[in-house]
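Engineer: Sequence first, then the predicted structure, then my questions.
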Amino acid sequence: MMVRIFHARHSYVKFSKYQLQEKEKEIKREYKMLREARKQSGVGWDEMRCMIQADAHLWDELTILFGSRINKFKSKPFPLFNLLGDLYDEVSLQPWLICRSRLCDQRGRKF
């Protein structure tokens, strides 16, 4: 169903369900990596550019912690960071948001 909705909105591209799932996994991994990198001492976040701010020695430490995949974010913004935070962080903190019924308790159980 999600693939059909995606193709309806973006008729100029054709991705398989597998390709969309893999892209979502990749974006989620990158979000989690950047979220943890932002928690490191001395590392900042530029809200306007959606990029990590860190001195060269801190980038070396981030590379040790997260591997070379963090290095692409030295010059590449990640504009989805705040939106993904709303999606991934809130779902784990508030399971009742997942409930499809309007009548759910705080544990996500339907009344």
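Structural biologist: Received, thanks.

Engineer: which residues of this structure score low on pLDDT?
Structural biologist: 90-111 (pLDDT under 70).

Engineer: can you pull out the strands in it?
Structural biologist: With DSSP state E as the definition, the chain shows strands at residue ranges 44-46, 51-53.

Engineer: And the helices in the chain?
Structural biologist: Using DSSP state H, the helices of the chain run over residues 2-9, 17-38, 56-66, 81-84, 90-93.

Engineer: so which of those helices comes closest to residue 48?
Structural biologist: helix 81-84 (12.3 Å; CB to CB). For glycine as for every other residue, the C-beta is placed from the backbone atoms N, C-alpha and C.

Engineer: Next, the buried residues of the closest one.
Structural biologist: Residues 81, 84 are the ones in helix 81-84 that count as buried (16 or more other CB atoms under 10 Å).

Engineer: Residue 51 bridge partners, please.
Structural biologist: Beta-bridge pairing of residue 51 under DSSP bridges involves residue 46.

Engineer: ok, residue 61 - contacts?
Structural biologist: When contacts are counted by CB atoms under 8 Å, 6 or more residues apart in numbering, residue 61 touches residue 40.

Engineer: no no, residue 27
Structural biologist: Shown in contact with residue 27 (CB under 8 Å, 6+ apart): 80, 84.

Engineer: ok, now residue 6?
Structural biologist: 15, 20.

Engineer: hmm, 10 Å instead?
Structural biologist: 13-15, 17, 20 (CB atoms under 10 Å, 6 or more residues apart in numbering).

Engineer: got it, and residue 69?
Structural biologist: Counted by CB under 10 Å, 6+ apart, residue 69 has contacts 26, 29-30, 33, 63.

Engineer: Just send the residues you listed back as JSON lines, with neighbour count and distance to residue 72 too.
Structural biologist: Converted to JSON lines, these look like this (neighbours: other CB atoms under 10 Å; distance: CB to CB, whole Å):
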{"residue": "26", "neighbour count": "11", "distance to residue 72": "12"}
{"residue": "29", "neighbour count": "11", "distance to residue 72": "13"}
{"residue": "30", "neighbour count": "19", "distance to residue 72": "9"}
{"residue": "33", "neighbour count": "18", "distance to residue 72": "11"}
{"residue": "63", "neighbour count": "14", "distance to residue 72": "11"}
